[in-house]
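K.L.:
Have a look; sequence and predicted model below, questions after that.
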Amino acid sequence: MKYKLLSFLIFFSVSVLAQVDKKLTALLQDAAKGFDGTVGIYVQNLKTNKTAAINADTLFPTASMIKVSILCGVMDKIEKGELLYNQKLVYRDSLLYPGVDILGSFKDNETIDLSKVAMLMITMSDNTASLWLQKLVSGTYINNWLDQNGFKVMRVNSRVEGREPVRKIYGWGVTTPYEMCRLFTLIRNGKVVSPAASERIYRNLVRIYWDEGALSQIPPYVQAASKQGAVDASRSETVLVNAPHGDYVFSVITKNNKDQSWAETNQADQLIRRISSLLWHYFEPHSNWKPSVGIDKYMRNE
């Protein structure tokens, strides 16, 4: 009861202290105008605490962004001594999630360090690795961790008893743009599981292979932690940028997308790039950086 009261007071204090950036809010609304679907955006300047939001408390599918919470559950088990970060795991064919994942190419009975499975889950968004780690920890354990740490709606749905009705609507996981940003900010500030565990998670989040979205609109010499999510009718990305004039975090999530194509011209993907570019130049107005001419052919990750 004391913990829940403390969480409420912290949330209330943050809400009161945060100031709405009306200019940025208007720019985001203009950027999202005409989108054929539902879009949610949350942005926070972590230096000034100013925020901007569109449907920031609306429920959206996480797709692969839920993998960050899976890693939090894994790290919590490690911190308690129930797992080891470098322990050997034995891959079995029954773990395979059909697709093009790296781990799915392993032979039955091969061994791999848990740390490498975690790396593949985050940096490559390897689904086989993700489901393996979720099974190792359990979706219920992850959801309990989320609840205990003040997340009201972010949850794992798939392969979790009692979550099937929600899974039919939102898929693997469910969240809001606000809660995705809150998780990234807690990790950045060393407040997820432990300072050491947070640092390890953050190091993985800054090594993302899938950089053709929001990351493509941020200079490559600026560190950014991120996680992407994509299914036919929903595209999403959460990014925390260690910008020269102060860190900022944002999450763009879409659902009910009319354009469900997988080409680089997908409307939601273009929206995410547009929002990322807008934010970079808003928070770094004197930056004259822009993507290099001809970079497009190097950003078609598959």
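P.N.:
Sure thing, it's come through.

K.L.:
what are the bridge partners for F60, then?
P.N.:
T175 (DSSP bridges).

K.L.:
what's the neighbour count on it?
P.N.:
Around F60 sit 28 other residues, with neighbours defined as other C-beta atoms under 10 Å. Where you see a C-beta, it was placed from the backbone N, CA and C, and this is true even at glycine.

K.L.:
got it, and G81?
P.N.:
So G81, with other C-beta under 10 Å, has 7 neighbours.

K.L.:
wait, is it part of a helix?
P.N.:
No - using DSSP: H, G, I helix; E, B strand; the rest coil, the assignment for G81 is coil, not a helix.

K.L.:
can you give me phi and psi for it?
P.N.:
phi 80, psi 10 (degrees, to the nearest 10).

K.L.:
Quickly note the distance from it to Q87.
P.N.:
As for G81, its distance to Q87 is 11 Å (criterion: C-beta to C-beta, to the nearest Å).

K.L.:
same check, this time on I295
P.N.:
For I295 relative to Q87 (C-beta to C-beta), the value is 40 Å.

K.L.:
In this protein, mark out all the strands, start to finish.
P.N.:
19-20, 38-45, 50-54, 60-61, 88-90, 111-113, 155-156, 173-175, 224-231, 234-241, 248-255 (DSSP state E).

K.L.:
Just give me the neighbour total for V90.
P.N.:
10.

K.L.:
And the nearest residue to it once chain neighbours are set aside, how close does it get to A268?
P.N.:
Among residues not flanking V90 along the chain, T111 sits closest, at 5.6 Å (C-beta to C-beta, 6 or more residues apart in numbering). Per C-beta to C-beta, T111 is found 39 Å from A268.

K.L.:
count of residues packed around Y97?
P.N.:
14.

K.L.:
Now do the contacts for it.
P.N.:
Shown in contact with Y97 (C-beta atoms under 8 Å, 6 or more residues apart in numbering): G104, N127, T128, L131.

K.L.:
Drop anything exposed from those residues.
P.N.:
Neighbour-count burial (16 or more other C-beta atoms under 10 Å) applied to those gives G104, N127, T128, L131.

K.L.:
From what I see, the second one and G99 are in contact.
P.N.:
In other words, N127. Yes - in this structure, N127 is within contact of G99 by C-beta atoms under 8 Å, at 5.9 Å.

K.L.:
Please give me every residue in contact with K67.
P.N.:
Contacts of K67 by C-beta under 8 Å, 6+ apart are M121, I122, S125, S130, K227.

K.L.:
could the residues you listed go into a markdown table alongside distance to E264 and pLDDT?
P.N.:
Formatted as a markdown table, the contacts of K67 follow (distance: C-beta to C-beta, whole Å; pLDDT from 0 to 100):
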| residue | distance to E264 | pLDDT |
| --- | --- | --- |
| M121 | 25 | 97 |
| I122 | 23 | 98 |
| S125 | 18 | 97 |
| S130 | 25 | 97 |
| K227 | 20 | 98 |
